[in-house]
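> this is a predicted model, with the sequence first.
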Amino acid sequence: MAVSPHISLSLSRYKFFSTSVVENPNFSPYRIYTRRRVTKSHLHAHNSTISYGRTELASSSKKLWIKQRSLSETEVEQAQLEEEEIDIVDEASLLSLSMKPDRNMALLDDYEMEELGHTPHTTHRSGYVAVLGMPNVGKSTLSNQMIGQKISIVTDKPQTTRHRILGICSSPDYQMILYDTPGVIEKKMHRLDTMMMKNVRDAAVNADCVVILVDACKVPAKIEEVLKEGLGDIEKKPPMLLVMNKKDLIKPGEIAKKLEWYEKFTDVDEVIPVSAKYGHGIEDVKEWILSKLPFGPSYYPKDIVSEHPERFFVSEIVREKIFMQYRNEVPYACQVNVLSYKTRPAAKDFIQVEVVVDKNSQKVILIGKEGKALKTLATAARLDIEDFLQKKVFLEVEVKVKENWRQDEGLLKYYGYGGQIRAM
């Protein structure tokens, strides 16, 4: 995977360590979760960012305990109250990818306004941008270039992005929040595909403007399918920019002809050719977006590049390495979850990751002969995670089989495909 020279290497490569293979199917109901914001300096500011911790208790075990002995009415009420508190904490640990945060400055004191980088000038612009397109047209590469750091994984395989990645591009005069969305899927084969497309539409609903990417190397084609899946039945369409990506791969004369075709046969406000890989035309895209964003204060502090927690990016790094190492159906059948992330002052941080697959045959391929394939995967992932976190880590990877997980709506929601991800 080529890394653009225009993207800062502080986040453009993550790094990882670990080679242990654990095949323990037991799931502990007790787990400590932490959340840290991903900032521009990221883990250089690791110790100064706010973190939250909690212990997750299985409410089902509490119910069993209540049944096992005769309790007084007061004790039962107390147990119910504790269970309700657990539910509240569990809800609080979920980060919505659909709702905009409240940016009402009247609710903030002077210190908080300073933290948000709020400027009292009426020239400051901020808003949300949905980045849409078919698979493998360069949406993640464009988003990474605009933000200036790598927050979305990039491979040469289509449909690498599954979640809506929220990236934040800020300057003293503006803040644009980018939704890097999964590629539009025309033929949905699993419940996962349907939920991913719903997330794409939800991103567009909240967007102040929409950027639609097409592959400039391909024959021009109408974008109705992208608009249908991406915008759905929105009555008032937001401003739309069509970006012709990969202009570095075609001749200038061809670019002019294709640009003219898209201007004539698509219902967009403007067409801009770019090379996301090399950063050509990125400033033109930014200029167009800024002209469409409303005036207003920032939604987030200016040093934040994503609202997603570190755990999310750790899992994405592992998934990227799976896409790079394995072929055919295996990468698409994998779900990566961070089960445990423990900070240890006197030792390497401990990270436990599970890779969930559909079939046992896929598990065998992932592990490889004598565990060599999984060892290679874990080492490559560890090196990138260490680079991303700017610290040494011990990575433990286990492979589990959960048949038809891509059809299980409950599991998919738990994995973050229901528009919320676990922030703790």
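Ah, there it is.

> whatever helix or strand residue 290 lives in packs against which elements?
Using DSSP states H and E, residue 290 maps to helix 282-292. Other helices and strands packing on helix 282-292, by 3 or more Cβ pairs under 8 Å, 6 or more residues apart in numbering; DSSP states H and E, are strand 125-133, helix 139-147, strand 174-180, strand 209-215, strand 240-245, strand 270-273. Heads up, the C-betas are built off the backbone N, CA and C, glycines and all.

> after that helix, which helix or strand is next? Please name it.
Where DSSP H and E defines the elements, the next helix or strand beyond helix 282-292 is strand 304-306.

> which positions in that following strand come out as buried?
For strand 304-306, burial by neighbour count (16 or more other Cβ atoms under 10 Å) applies to 304-306.

> return the closest of those residues with respect to residue 139.
Of all the buried residues of strand 304-306, residue 306 has the smallest distance to residue 139: 15.5 Å, by Cβ to Cβ.

> quick check, pLDDT for that closest one.
In this prediction, residue 306 carries a pLDDT score of 84.

> that one contacts residue 166, doesn't it?
Yes: if you go by Cβ atoms under 8 Å, residue 306 and residue 166 touch, sitting 5.9 Å apart.

> helices or strands up against the helix or strand where residue 260 lies?
Using DSSP H and E, residue 260 sits within helix 252-265. Helices and strands touching helix 252-265, as assessed by 3+ Cβ pairs under 8 Å, 6+ apart, comprise strand 240-245, strand 270-273.

> deepest in the core, which of those is it.
Looking across those with neighbours counted as mean count of other Cβ atoms under 10 Å, the highest average goes to strand 240-245: a mean of 24.

> tell me which strands that one pairs with, and in which orientation.
With DSSP bridges as the test, strand 240-245 is paired with strand 209-215 (parallel), strand 270-273 (parallel).

> out of those strands, the one nearest residue 388 is which?
Evaluated with Cβ to Cβ, the strands paired with strand 240-245 place strand 209-215 nearest to residue 388, the distance being 25.6 Å.

> contacts for that closest one next, please.
127, 129-134, 136-139, 142, 204, 220-221, 223, 226-227, 230-231, 238-246, 262, 268, 285, 289, 292-293 (Cβ atoms under 8 Å, 6 or more residues apart in numbering).

> so the helix holding residue 290 versus strand 209-215, what angle?
150 degrees (axes from the mean of the first three to the mean of the last three Cα atoms, to 10 degrees).

> outline the domain layout of this protein.
Domain segmentation of the chain under the TED database yields 93-292, 309-422.

> do you know which of these lies nearest residue 298?
Closest approach to residue 298 among those (Cβ to Cβ): domain 93-292, 4.4 Å.

> and the strands paired with strand 240-245 as a markdown table, adding mean pLDDT?
Listed next are those as a markdown table, based on pLDDT from 0 to 100:
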| stretch | mean pLDDT |
| --- | --- |
| strand 209-215 | 93 |
| strand 270-273 | 97 |
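
> nearest to residue 334, out of these?
Closest to residue 334 of the strands paired with strand 240-245 is strand 209-215 (Cβ to Cβ; 25.3 Å).

> just the mean pLDDT for the helix holding residue 290, thanks.
Averaging pLDDT along helix 282-292 gives 97.
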